[in-house]
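1. dropping a prediction and its sequence here:
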2 protein chains.
Amino acid sequence: MIVILTGGTGGAKLIEGLSHEIDPAQLTIICNTADDFVLYGLNISPDLDTIMYTLAGLSDPAQGWGIQGDTFTVLQQLEKLGGETWFRLGDKDIATHITRTRLLRAGLKLSDVTDRICDNLGIKARILPMSDDHIETRVETSEGVISFQEYFVKQHWQPEVKSVFYAGVEKSRPAPGVVEAIGSAAGIILCPSNPVTSVGPILAVPGVRNALMQVTAPVVGVSPMIGESAISGPAHRLMAAQGLEPSALGAAKNYADFLDQFVIDSEDEALTSKLETLGIGVVATSIRMKSLADKQGLARQVLALVDK
Amino acid sequence: MIVILTGGTGGAKLIEGLSHEIDPAQLTIICNTADDFVLYGLNISPDLDTIMYTLAGLSDPAQGWGIQGDTFTVLQQLEKLGGETWFRLGDKDIATHITRTRLLRAGLKLSDVTDRICDNLGIKARILPMSDDHIETRVETSEGVISFQEYFVKQHWQPEVKSVFYAGVEKSRPAPGVVEAIGSAAGIILCPSNPVTSVGPILAVPGVRNALMQVTAPVVGVSPMIGESAISGPAHRLMAAQGLEPSALGAAKNYADFLDQFVIDSEDEALTSKLETLGIGVVATSIRMKSLADKQGLARQVLALVDK
C-alpha cells in the first residue's frame, strides 16, 4: 500500500498520474481538511472533493476544481435569493455537498461520509480525511483574520499575509486509519501541495508527523515550488509569511525530519547540494504537469523512488 | 385586503387568476404547511413553494409543481450518490430549499424565511405559512402510518386510507399575522384545495377556525370537487376516509360554520338546495381552470361575491 499526503489541485495532478500507473486500490490518500467550510448551510470539503472527482474521472482538468461540464443553475438561483456566489458551486458538485451535509447531520463522521461517497462514485483508492475533527486554516491579513477560502477564492490572495494558523488542530485527532496507514505503508508520497495550507495542517494533526518520522518505508516528496514561486496558487506568499524560504529548499526544510527523497524541477537543480546537506536525496526533472502524459511520467519517477 | 386560504396546485390556479384581476399587494395568502418535509436534509414546503412560484411567474403550469424549464442535474447526481429520488426536485427549486434550510438553521422562523424568499422573488402578495410550528399530516394506510408526501408522491395515493391526522397541531399556534389578517380582511377566499390535507390543517391550527367564524366580511369558497371526484389529486379518497361525503356538499359541510358563499361546478347544480339548507349561498359555474382565461374568469366571479 502506498500512502499519499495531499491537498487539492497540485496533488490531484500527481494522483491522477499515479492512478494510471498502479492499481488505485493500492493507494491510501490522506487529504487536508483544514480548508473545509460551510456555505449556504452546506458542508464543503474542497480538497476531498477535488481528489474524489479526480479519481472518479469527473474532474475538470482545465480549472482544477469542480466537475467537468457542470452547470450552475442552483448557484444562479441562490444568487437571486440573496446568497453569496464567490465560491463557484456547480450543480453536480452541490449534490456532493448536500449528501455530505445530510450524513454529517445524521451523526456520521467525515471519514464515514467520505467512504460512502467514494463507494457511490466507484472510487477504488481509499481516501481518508486527515481528521474527523473541525480544523480551520485561518489567515491573518492586514485586513483581519479570514478563512483560507476567503483569502484564496473570495479575495484572490491579494491581502498581505502576516501569519497562518490551524484553529482547532491542537485538540484534534487523526481520522481512524491515518496513523495505521502511515505505519504500515510500503512507501509514502508527499504531493506537490501548498506546504503551509495543504501539507502543513496534515502534519500539525497530533501524531501524524511522529508517525512519519518513525516509518522505515521511503518517504518521497515532490516540490510545489519552481524558483521562488508556487506552480499554482499563493504558496510562496504564505511560506514567506511563515518564515519559510519560498523555494523548493524552504519546503524541503519543513519536511527534513522525515523526507528521504525530494523531486525538484530541473530549473532548481542548483539547490541539489543544499538539499543533500539536509540528508535528503534529490531528483531534478520536469515537475510541471500539464498533460496526462506529464502526470504519468512524474508518477512513474516518484514510484521508482518509492520502490528503491 | 383579501385573505386567501390555500394548499398547492388547485389553490395556485385560482391565485394566479386573482393576481391578474386585482393588485397582488392586496392579497394575504395563508398557506398550508402540514405537507412540509425534509428530504436530503433540505426543508421543503411544497405548498408555499407552489404559491410562491406561481406569484413570481416561475411556476410550471403543465405539471402543477416546481419551476418551469427547471433542470434535474442535482437530483441525477444525488441518485448516483445513493439518494432517494421519488420527489422530483429541480435545480432552481433546490436553491429555494437550500436557502430555506440555511435560514431555518440560523434560527429564523418559517414566516420570516418565507418573507425573505418572497422579497427576493419580487412577490408583492403577502404569503404567510399557517404556522411556524411543525405540523405534519400523517396518513394511516393499510400498510402503516406514512407522511402525506409519501402517500401522495411516493405511493401515488394507491394504499387504502383509514384515517388522516395532523401531528403536532394541538400545540401549534398560527404564524404571526394569520389571525390578524383574517380579522381585518375585507373578504376571505377559500381555494379549491383538498379539504382534508390542505384546508383541513389550516383550520385545525388553534384559533384559525374561531377567527373565521367571527369575521363579518364575506367568506367565499370554491369547491375542489366535481361530482364525486376531486378536480385533481386524492381528495375524494381522503374525504371518505374522514367520514366526509366525497362531493362539493361534503366539502361545504366541513366549512358550514363560517362559509357564506360556495362556488360549485355547473355539473353539481343539483346540490344547490341542499347547500342552501346549510345557510350557504351557491353559485354554479364552470370551475375547471385549464387556461389562464379560465383562472381569471373564475377569479372575477369569486371577487364579485367577495365584493357583495
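-> That came through fine. Numbering: from 1, shown residues only, chains lettered A, B, ... in the order given.

2. in the stretch 101-250 of chain A, which spans are helices?
-> A:110-120, A:148-149, A:178-183, A:200-204, A:208-214, A:235-241, A:248-255 (DSSP state H, counting those that start in this stretch).

3. got the residues of the stretch 51-200 of chain A near chain B?
-> Proximity of the stretch 51-200 of chain A to chain B (CB under 8 Å from any CB of the partner chain) is limited to residues A:70-71, A:73-78, A:80-83, A:91-92, A:94-96, A:98-99, A:101-102, A:105-106, A:116-117, A:120-121. Glycine gets a C-beta too; all of them are placed from N, C-alpha and C.

4. please name the nearest non-neighbouring residue to A:Gln214.
-> Nearest non-adjacent residue to A:Gln214, counting by CB to CB, 6 or more residues apart in numbering or on different chains: A:Gly183, 7.2 Å away.

5. do A:Gly64 as well
-> With CB to CB, 6+ apart, the residue lying closest to A:Gly64 is A:Thr9, at 4.2 Å.

6. for the one you found, grab the count of nearby residues.
-> 24 (other CB atoms under 10 Å in any protein chain shown).

7. using CSV, lay out the helices of the stretch 101-250 of chain A together with mean pLDDT and mean neighbour count.
-> Below are the helices of the stretch 101-250 of chain A laid out as CSV (pLDDT from 0 to 100; neighbours: other CB atoms under 10 Å in any protein chain shown):
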stretch, mean pLDDT, mean neighbour count
helix A:110-120, 98, 19
helix A:148-149, 88, 24
helix A:178-183, 98, 20
helix A:200-204, 98, 24
helix A:208-214, 98, 16
helix A:235-241, 91, 22
helix A:248-255, 96, 23
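
8. closest to B:Leu259 out of those helices?
-> Evaluated over the helices of the stretch 101-250 of chain A, closeness to B:Leu259 peaks at helix A:110-120, with 52.0 Å, by CB to CB.

9. that closest one packs against which elements?
-> helix A:46-55, helix A:91-105, strand A:126-129 (3 or more CB pairs under 8 Å, 6 or more residues apart in numbering or on different chains; DSSP states H and E).

10. for stretch A:71-84, how far is the first residue from the last?
-> For stretch A:71-84, the first-to-last residue distance is 17 Å (CA to CA, to the nearest Å).

11. now do stretch A:50-65
-> The first and final residues of stretch A:50-65 sit 6 Å from each other (CA to CA).

12. so for it, what gets flagged as buried?
-> Buried residues in stretch A:50-65, counted by 16 or more other CB atoms under 10 Å in any protein chain shown: A:50-56, A:58-60, A:64-65.

13. cool, and stretch A:157-176?
-> For stretch A:157-176, burial by neighbour count (16+ other CB under 10 Å) applies to A:157, A:159, A:161, A:164-166, A:169, A:172, A:174-175.

14. narrow those residues to those in strands?
-> In this view, these that belong to strands under DSSP state E are A:161, A:164-166.

15. and which of the residues you listed is nearest to chain B?
-> Checking those against chain B by CB to the nearest CB gives A:Tyr166 as the nearest, at 26.0 Å.

16. got the contact list for that closest one?
-> Shown in contact with A:Tyr166 (CB atoms under 8 Å, 6 or more residues apart in numbering or on different chains): A:34, A:135-138, A:200-201, A:204.

17. that older thread, measure the residue nearest to A:Gln214 to A:Ser172 for me?
-> As for A:Gly183, its distance to A:Ser172 is 19 Å (criterion: CB to CB, to the nearest Å).

18. so how many other residues sit close to the residue of the stretch 201-308 of chain A found nearest chain B?
-> The minimum distance from the stretch 201-308 of chain A to chain B, using CB to the nearest CB, falls at A:Leu292 (24.3 Å). For A:Leu292, the count of nearby residues is 13 (other CB under 10 Å).

19. which ones are touching it?
-> A:Leu292 neighbours (CB under 8 Å, 6+ apart): A:16-17, A:20.

20. and the residues you listed as a markdown table, adding distance to B:Ala251?
-> Putting the contacts of A:Leu292 into a markdown table (distance: CB to CB, whole Å) gives the following:
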| residue | distance to B:Ala251 |
| --- | --- |
| A:Glu16 | 63 |
| A:Gly17 | 68 |
| A:His20 | 67 |
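
21. run through the residues that contact A:Val306.
-> Under the criterion of CB under 8 Å, 6+ apart, the contact list for A:Val306 reads A:2, A:186-189, A:217-218, A:220.

22. try 6 Å this time
-> By CB atoms under 6 Å, 6 or more residues apart in numbering or on different chains, the contact set of A:Val306 is A:187, A:218, A:220.

23. identify each buried residue in the helix or strand where it lies, please.
-> Applying DSSP states H and E as the criterion places A:Val306 in helix A:292-307. By neighbour count on 16+ other CB under 10 Å, the buried set for helix A:292-307 is A:295-299, A:301-303, A:305-306.

24. tell me how far the residue nearest to A:Gly64 lies from chain B.
-> Per CB to the nearest CB, to the nearest Å, A:Thr9 is found 22 Å from chain B.

25. just how off-centre is stretch A:258-272 within its chain?
-> Centre-to-centre, stretch A:258-272 and its host chain are 20 Å apart (CA atoms, centre = their mean, to the nearest Å).

26. ok, and the closest non-adjacent residue to the residue of the stretch 101-250 of chain A found nearest chain B?
-> Nearest residue of the stretch 101-250 of chain A to chain B (CB to the nearest CB) works out as A:Arg102 at 3.4 Å. Sequence neighbours aside, B:Gly41 is the residue nearest to A:Arg102 in space, at 3.4 Å (criterion: CB to CB, 6+ apart).

27. what sits against the one you found?
-> Residues near B:Gly41 by CB under 6 Å, 6+ apart: A:101-102, A:105.

28. select only the buried ones of those in ChimeraX?
-> Per 16+ other CB under 10 Å, the buried members of the contacts of B:Gly41 correspond to this ChimeraX selection:
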select /A:101,102
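
29. looking at pLDDT only, which of the buried residues of stretch A:157-176 scores worst?
-> Minimum pLDDT across the buried residues of stretch A:157-176 is recorded for A:Trp157, with 87.

30. surely it and A:Gly233 touch.
-> No. A:Trp157 lies out of contact with A:Gly233 (CB atoms under 6 Å); the separation is 7.4 Å.

31. and for stretch A:153-161, what's in contact with it?
-> Contacts to stretch A:153-161, defined as CB under 6 Å, 6+ apart, come from residues A:86-87, A:139, A:141-143, A:151, A:234, A:237-238, A:241.

32. sitting in strands, which of those residues do you find?
-> Reading strands off those with DSSP E, I get A:139, A:141.

33. show me how to select, in ChimeraX, the buried members of the contacts of stretch A:153-161.
-> Those of the contacts of stretch A:153-161 that count as buried under 16+ other CB under 10 Å are selected in ChimeraX with:
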select /A:87,139,141,151,234,237,238,241
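
34. closest to A:Gly227 out of the contacts of stretch A:153-161?
-> Distances from A:Gly227 to the contacts of stretch A:153-161, taken as CB to CB, are shortest for A:Arg237 (14.2 Å).

35. nearest residue to the closest one other than its sequence neighbours?
-> Using CB to CB, 6+ apart and skipping residues adjacent in sequence, the residue nearest A:Arg237 is A:Val161, 5.7 Å away.

36. swap in A:Ser184?
-> Of all residues not flanking A:Ser184 in the chain, A:Met1 sits nearest, at 6.8 Å (CB to CB, 6+ apart).

37. so how far is A:Leu203 from the one you found?
-> 20 Å.

38. one more: A:Pro234?
-> 19 Å.

39. for B:Pro24, find the nearest of the helices of the stretch 101-250 of chain A.
-> helix A:148-149 (40.1 Å).

40. show me the beta-bridge partners of A:Ser59.
-> As for beta bridges, A:Ser59 partners with A:Ile67 under DSSP bridges.

41. my understanding was that it contacts A:Tyr53; is that so?
-> Yes. The pair A:Ser59 / A:Tyr53 is scored as a contact, 4.0 Å apart, by CB under 6 Å.
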